[in-house]
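Visitor: would you be able to build a 3D model of this:
(one chain, ligands or ions: 1)
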Amino acid sequence: MGYDFELDRVKRELTAMGAKSCMVQLPEGLKQFGPQIAGELEKAGFRAVISLERCFGACDVLRGGYDATLHYAHAPYARKEPKTVYVELRQEADAGRIADSAEHKLRAKNVGLVTTIQFLNVLPKLKQELEKRGFAVEVGKRGHYTYYDGQVLGCDFFAATNCKKAQEFIYVGSGRFHPIGVAEKTGKRVVQVNPNDDYKAQEFASGIWEKEKWLRISKASDARSWGIVLCSKKGQRNVHAADNAKRWLEEKGRKATLLELNDIIPQALEYAPFDAFVITACPRIVLDDWKNYKKPVLLAEEIKELLS
Ligand code: SF4
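Guide: Down below sits the predicted model:
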């Protein structure tokens, strides 16, 4: 797929900010394009430095010691960071083909539409297309961390939960995490249509995360010593959740220690001297990656259920 890195706009915005240098942040799958982007910016007289840190979301805008940040493939996290140019890299998709695929799998006539930033452009046309076919269609309002109506993030499914009339959802995009998240948070069926996989449709029902949560809780039930992990990434730092989890555990006689980490990966926790961990950063670390951790990992709010 050819991407439009919007380098003309980027150069204009960097100039308008008075920036002479910038940090270039790309998600893992797009890091290969870093040298091309940096090369173009250097030709225009900017000092461009590619960040090799892992980057999963706009919750983690890095500045380093540079004048500005060029952040690719995510929309602003709740609000725009100062001195930051966002290039969302949206993709076009065929609304008619999405509707064709979804229609066979839908059982209800009231439908909510959700997606991630990449396919946000298609939602208005998809809404029209479905309405022509007799569906009542809702696009939910943006949440606390999302930037656009209809957009969901792993930490913000409000655009789905806020659709009050929808009996089912269409999720446009790839991967399993977001459609499962929509099903779990709403309790409704989700039909995922993936334009990057020949518009194939797949169904998801709620219950997967709930089942996995109780499995994680049962693995952690005998843990006496707990590490409460805070993340040093600005947008993922949740001191309130960490303090609550610590207090709840200590009230029930368990030992709890606050820890801090920037990049929360299984290897980083492997030798830490605790029986189990509470991860207060991106919920995806627990919900999506828990099987990769040798010791049990829980979300802060799950501690209450563990102790009840
Ligand atoms: S906290 Fe996680 S889900 Fe939310 S924006 Fe950051 S990386 Fe994405």
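Visitor: and residue 74, what does it touch?
Guide: Residues counted as contacts of residue 74 (CB atoms under 8 Å, 6 or more residues apart in numbering) are 27, 57, 58, 86, 88, 117. Just so you know, the C-beta spots here come from the backbone N, C-alpha and C atoms, and that holds for glycine as well.
Visitor: filter those to keep only those in contact with the ligand.
Guide: When those are checked against the ligand using CB under 6 Å from any ligand atom, the ones in range are residue 57.
Visitor: the strands in the stretch 51-200 of the chain, which residues?
Guide: Here the stretch 51-200 of the chain has its strands, by DSSP state E, counting those that start in this stretch, at 68-72, 84-87, 110-115, 136-139, 168-172, 189-194, 200-204.
Visitor: the helix or strand that the last one is followed by - what's its average pLDDT?
Guide: Think strand 200-204. Downstream of strand 200-204, the next assigned helix or strand under DSSP states H and E is helix 208-220. Across helix 208-220, pLDDT averages out at 97.
Visitor: what average pLDDT does the helix or strand following helix 208-220 get?
Guide: Remark: after helix 208-220, the chain's next helix or strand is strand 225-231, criterion DSSP H and E. The average pLDDT for strand 225-231 rounds to 98.
Visitor: strand 225-231 near the ligand at all?
Guide: No - using CB under 6 Å from any ligand atom, we find that strand 225-231 stays clear of the ligand, coming within 8.8 Å at best.
Visitor: ok, that strand: who's next to it in the sheet?
Guide: strand 255-261 (parallel), strand 276-279 (parallel) (DSSP bridges).
Visitor: dump these to a markdown table, plus mean neighbour count.
Guide: Shown next, in a markdown table, are the strands paired with strand 225-231 (neighbours: other CB atoms under 10 Å):
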| stretch | mean neighbour count |
| --- | --- |
| strand 255-261 | 16 |
| strand 276-279 | 27 |
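Visitor: out of the strands of the stretch 51-200 of the chain, flag the one nearest residue 78.
Guide: strand 84-87 (12.6 Å; CB to CB).
Visitor: just checking: what are the partner strands of the closest one?
Guide: strand 68-72 (parallel).
Visitor: and the strand it pairs with with the ligand, contact?
Guide: No - Strand 68-72 lies out of reach of the ligand by CB under 6 Å from any ligand atom, never closer than 11.8 Å.
Visitor: hmm, who's touching that strand?
Guide: 5, 10, 14, 17, 19, 21-27, 30, 37, 41, 48, 58, 61-63, 81, 83-87, 89.
Visitor: just the buried ones from these?
Guide: Buried members of the contacts of strand 68-72, counted by 16 or more other CB atoms under 10 Å: 5, 10, 14, 19, 22-26, 30, 37, 41, 48, 58, 61-63, 81, 83-87, 89.
Visitor: number of residues surrounding residue 263?
Guide: 14 (other CB atoms under 10 Å).
Visitor: nope, residue 43 is what I meant
Guide: Residue 43 has 11 neighbours, counted by other CB under 10 Å.
Visitor: also the one 10 residues further on?
Guide: Residues within reach of residue 53, counting by other CB under 10 Å, total 13.
Visitor: now residue 52
Guide: 10.
Visitor: same check on residue 242?
Guide: 23.
Visitor: can you tell if the host helix or strand of it touches the ligand?
Guide: Using DSSP H and E, residue 242 sits within helix 239-251. No - Helix 239-251 lies out of reach of the ligand by CB under 6 Å from any ligand atom, never closer than 12.4 Å.
Visitor: that helix packs against which elements?
Guide: strand 225-231, strand 255-261, helix 302-307 (3 or more CB pairs under 8 Å, 6 or more residues apart in numbering; DSSP states H and E).
Visitor: so what secondary structure elements neighbour the last one?
Guide: Applying 3+ CB pairs under 8 Å, 6+ apart, one finds that helix 302-307 contacts helix 208-220, helix 239-251.
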